[in-house]
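Visitor: Just a sequence and a predicted model for now, questions to come.
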Amino acid sequence: MSAVAAVDVRGAAVPVSERGPSPRKVIVSYGFWLFLLSDIIVFSAFFAAYAVLAGRDAGGPRGVQLFDRGHVLVETGCLLFSSFACAMMSVATELRRRALTVLGAAATFALGAAFLALELGEFGAMLARGATPERSAFLSAFFALVGLHGLHVATGLAWLVVMMAQVFTLGWRPMVLYRLACFSLFWHALDIVWIGVFTIVYLGAR
Amino acid sequence: MGKLSWDAIPLHEPIPLITGAVVVLALLAVLALVTLKGGWPTLWREWITSTDHKRIGVMYVLLAIVMLVRGFADALMMRSQLALAAGSARGYLPPPHFDQVFSAHGTIMIFFVGMAFMVGLMNFVVPLQIGARDVAFPVMNSVSFWLTAAGALLTNVSLVVGEFARTGWLAYPPLSELAYSPGVGVDYWLWSLQIAGVGTLLSGINLTTTILKMRAPGMGYGRMPIFTWTALASNLLIIAAFPILTASLAMLALDRYLGFHFFTNEAGGNMMMYVNLIWAWGHPEVYILVLPAFGIFSEVFPTFSGKRLFGYRSMAAATMGICVVSFMVWLHHFFTMGAGADVNAFFGIATSVIAIPTGVKIFNWLFTMYGGTLRFELPLMWAIGFMLLFVVGGASGVLLAIPPADFQLHNSQFLVAHFHNVIIPGVLFGAFAGYNYWFPKAFGFRLHRGLGVASFWCWFVGFLLAFMPLYVLGLAGATRRMQHYPQTQWQPLMIAAFAGALVILAGIVLMLAQLFVSIRQREGLRDTTGDPWDGRTLEWATPSPPPAWNFASLPQVDGIDAFWEAKRCNAGVREPEGQDARPLHMPRPTPLGVVVAFFAFFAGFGAVWHIAWLTGGALACIVAACLVRAWRTDLEVAIDPARLAAFDRQAARP
C-alpha cells in the first residue's frame, strides 16, 4: 500500500486523517491495542464482581486472614521485573541482536514462571485450608479474578516460547517482528492489570 | 461420554424429532447436490476458505437468512400456541417445550439473525465504501464468521440432542443456576453464545481497525460515508460491550460447572449482579444492531431522493451520541429491581435522552426526502416502512422509560410489542433495505421487484397485525412468556396476532421466492454498469461484482459522496499521484477459520455434555491449527498487473 505524502502538490499540509492507509505495522499493533482494550474490559467485569462480592464471605475465611502480603509483594516484584526484562528484549529485537533477545526472553520467562509458581503456591495453601471457591461468593470472585490473570500469564509464557522458536526458525521477518511487538504489549498490559489486583484485592483486603 | 446417552434424543417428542429429520434431510440433499454438480472444489476454494471480505459478508447474510427461518418457526409455534390455549385449553406445547421455544427464538433472532445480517452487510460494504482492498485482518475475518456459524450450529443441535435453555434469552439466575436448571439447556445457550461472541468481538476489532486505519487517501472523518460512521459506532460498541458478555457467561459457567457462587442464592452470591452485567452488554447490543441499520437508511434516502443527505454532520454526531449514551441506560431493563427512586429517575431520564439523537435522525431523513425526486425502488420502500413503524416503537419506548409506567408494564405483552416494534422495523427492515440495495453490487444483477414489493407489504401489514394486538393485551394484563391464559376475552386478539404471523410467513416465503426467481432470471435483471441505483459512494465506482482486490489503484477522495461528485464533474474517480505500480498482494485463502470453528463446535459440545476429553482434545487441535498457521510464510498471492489491466479493460466496456 502506498502511503500518501504529508504535503500535497501545492505544499499545503495534508491532515493525518487524509493521508490514506497506514503501514502494516501500525495496523497490526492498532488492532492488538483494541484487543487489549477489550481484554481489559473483561477484567473490569471481574473487578466489578469482586468489588460487589468482596464482603460476602458467608462466615468463611476473610481476605485479611488468608493473604500474606509479603508473599504477594515478592510475586509482584517478579512480574514487574519480568516486564522490565521484556522491555530489554524489545530493545534487543530493535537492534536485531538475537542472543540478547533470547537472553531477555529467558529472563522474562523465568520471572513470569516464578510469579506463576508463587501464585499457584498461594492458591494451594488456600485450598488446603478449606478456602475454596465453593466456600463463599468472596472466594469465588477472588479465584476467578486472580486466576484469570494467572491464566493470561500462563498463556503469555507459552506464547513467548513459540516466539523464540519463530525467531530461530523464521528469523527477523516482518510478521515475526509484529508478533514480538504484540507480545510485549500483552505482557505490559498484564502488569497494569496486576497493579489493579494488588491494590484492590491484596492491599484492600478486609 | 460424560452426561451424553441415548436418552438425550427426544424420541417421545414428535415436533423436534420431525423438524430435526427434515433439516437433516434438507442438509443431505444440499450436500448431495453440491457433490453431484462437482461443486466442492469451487465451494472450498472460493467460499469456505475465502478471506475476501465480500464473500465472507455474503456468507454471513446467508447464515442470517437460514437462521431467520429457524427463529421464525419458533415464533409461529408460540403464536399458534397462544391462539389456542385460552380458558381451560392448554394448546399443544407443554410448558417445558414452550419455554425452550421462546428462549431459542430470542437467542437466535438477536445473535444469529440480527447480528449475522448486520455484521455481514458491514463486512461487505465498509471496505468498498472507504476505498480499501480488504479488511485489516482478512484471516481473522474468516475465523470470526466460522465461529459465528459454529455457535449457530451448536444452538440448532440442541433441538435434537438434549434440550435448549428454558430460561428466556438472557438466562437470569437463579433460574439458570444448576439447582433450578439441572439439564444441559442452559449449557447449550452458554457455549453457543460464548463461541459466537468471540467471533463477534474479533469482527468488531477487525472492522474498527479497518475504518480507522485503512481509509483511502483524502477520506478524512468528515468525508466518511454515513454507513461507515454507523459501522464505526457499532463496532466500537462491540469492542466495549461484548467483553462484558464474555465475562458474564464465564461467571455463570463457573457457577454451573465448578460450584462457584457468583449468582447463587447461597453463600453470598448476588443474582442481581448478573442482571446488571448482562444488560451492561445487552443494552449497547441493541444499538450495535440498530446503528448500522440507521446507516443503511442514511444511504438509501439520499440515493433514492437524488439529493445529498440532510445534515451529514448532525447525523454523524447523533450516531456517536447514541454510541455513548447507550452505555448509560442499562438499568431501565429492570426498574423493578428496587434500586430506589433516585437511581430509577437517573436511568429513566437517560433513556428518554436517547430519543433526542434518534429524533434528529428521523428529521434528517425526512428533510432528505423533502424536495427530492423520489424513486420508489425496494430499498426506499423498506426505509419508508421503517420510519412509519419505528416512530411508534420509539414512542412506546419513551413511555416505558418512565419508571412508574414501567412498573405497570414490566414483563407484559406491551413490552414484547415495544421491542418487536423497534427491532423488526429498525433492524430487520434495515437489513432488508441493505440486502435489496447492495445485492446487485454483490452479484451483478438486481432482485426481482414485484416479488420484493409483495414481500414488503406482507411484512408491513403482518407486522401491524401481529404486534398491535400485543400492546392492547399487555395493557389488559397479559404477561410475556405465558403458555396459556384463563381469560377467553383475550383470545380474539391472540388469534389476530397469529394471523399477523401468518402474513409475515407469506412475506418470508415471498422473499425466498424473490431470491430464487431473481437467480433464475438473472440475465434479465443484469446490471452491467456497476451503478444500478445512481449511487453516491465509492462502492458504486467498482464493477459488479467487484474484483477480489476491489480497487486496482486506490481512489483519491475530495469530499462527501466521492463517487457522486466524480460523476457530476463527468470524470472518473481521481487517483492520487505517485501510486506505485507494483503487483498487488492479496491474502491467500486459508482453511484456518473453518478448522478452528470445527473444533470450537466440538469443544462447546463436549463442554455441554461434560465430555472432558472431547473439549480438551478440540482445544488442543485449535492451538495446533494456529501454530501450523503461525509458521506459514506464503500468506499472500501477487496479482499480476496484466490481469488487473485486462479486468479493467473488460469492466470499462459498456
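Guide: Thanks, I have it.
Visitor: the helices in chain A, which residues?
Guide: In chain A, the segments counted as helices under DSSP state H are A:24-53, A:63-66, A:69-94, A:98-128, A:137-170, A:174-197.
Visitor: Reformat the ones you listed as CSV; add mean pLDDT and mean neighbour count.
Guide: From N, CA and C alone the C-beta is placed, and that goes for glycine too. Below are these laid out as CSV (pLDDT from 0 to 100; neighbours: other CB atoms under 10 Å in any protein chain shown):
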stretch, mean pLDDT, mean neighbour count
helix A:24-53, 94, 19
helix A:63-66, 84, 14
helix A:69-94, 93, 18
helix A:98-128, 94, 17
helix A:137-170, 94, 19
helix A:174-197, 93, 18
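Visitor: how about these in a markdown table, adding distance to B:Gln556?
Guide: Shown next, in a markdown table, are those (distance: least, CB to CB, whole Å):
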| stretch | distance to B:Gln556 |
| --- | --- |
| helix A:24-53 | 20 |
| helix A:63-66 | 61 |
| helix A:69-94 | 35 |
| helix A:98-128 | 41 |
| helix A:137-170 | 37 |
| helix A:174-197 | 27 |
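Visitor: As TSV, those with distance to chain B would be great.
Guide: Converted to TSV, those look like this (distance: least, CB to the nearest CB, whole Å):
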stretch	distance to chain B
helix A:24-53	3
helix A:63-66	13
helix A:69-94	17
helix A:98-128	12
helix A:137-170	3
helix A:174-197	8
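Visitor: And those: which comes nearest B:Leu510?
Guide: helix A:24-53 (40.4 Å; CB to CB).
Visitor: hmm, who's touching stretch B:412-423?
Guide: B:109, B:114, B:286, B:289-290, B:389-390, B:392-394, B:396-397, B:400, B:409, B:463, B:466-468, B:470-471, B:473-475, B:477-480, B:482 (CB atoms under 8 Å, 6 or more residues apart in numbering or on different chains).
Visitor: Quick check: chain neighbours aside, which residue is closest to the residue in chain A that chain B sits nearest to?
Guide: For chain A and chain B, the shortest gap (CB to the nearest CB) falls at A:Arg56, measuring 2.9 Å. With CB to CB, 6 or more residues apart in numbering or on different chains as the criterion, A:Arg56 has its nearest non-adjacent residue at 2.9 Å, and that residue is B:Gly268.
Visitor: Repeat that for B:Gly311.
Guide: B:Asn364 (4.4 Å).
Visitor: Mind telling me what element that neighbour is part of?
Guide: According to DSSP states H and E, B:Asn364 maps onto helix B:341-369.
Visitor: Check which helices and strands that helix sits against.
Guide: For helix B:341-369, the elements it packs on are helix B:271-305, helix B:312-325, helix B:378-400, helix B:403-409, judged by 3 or more CB pairs under 8 Å, 6 or more residues apart in numbering or on different chains; DSSP states H and E.
Visitor: Which strands or helices does the helix or strand encompassing B:Ala233 pack on?
Guide: Assigned by DSSP H and E, B:Ala233 belongs to helix B:226-258. Counting contacts by 3+ CB pairs under 8 Å, 6+ apart, helix B:226-258 is packed against helix A:24-53, helix A:137-170, helix B:115-129, helix B:185-213, helix B:271-305, helix B:312-325.
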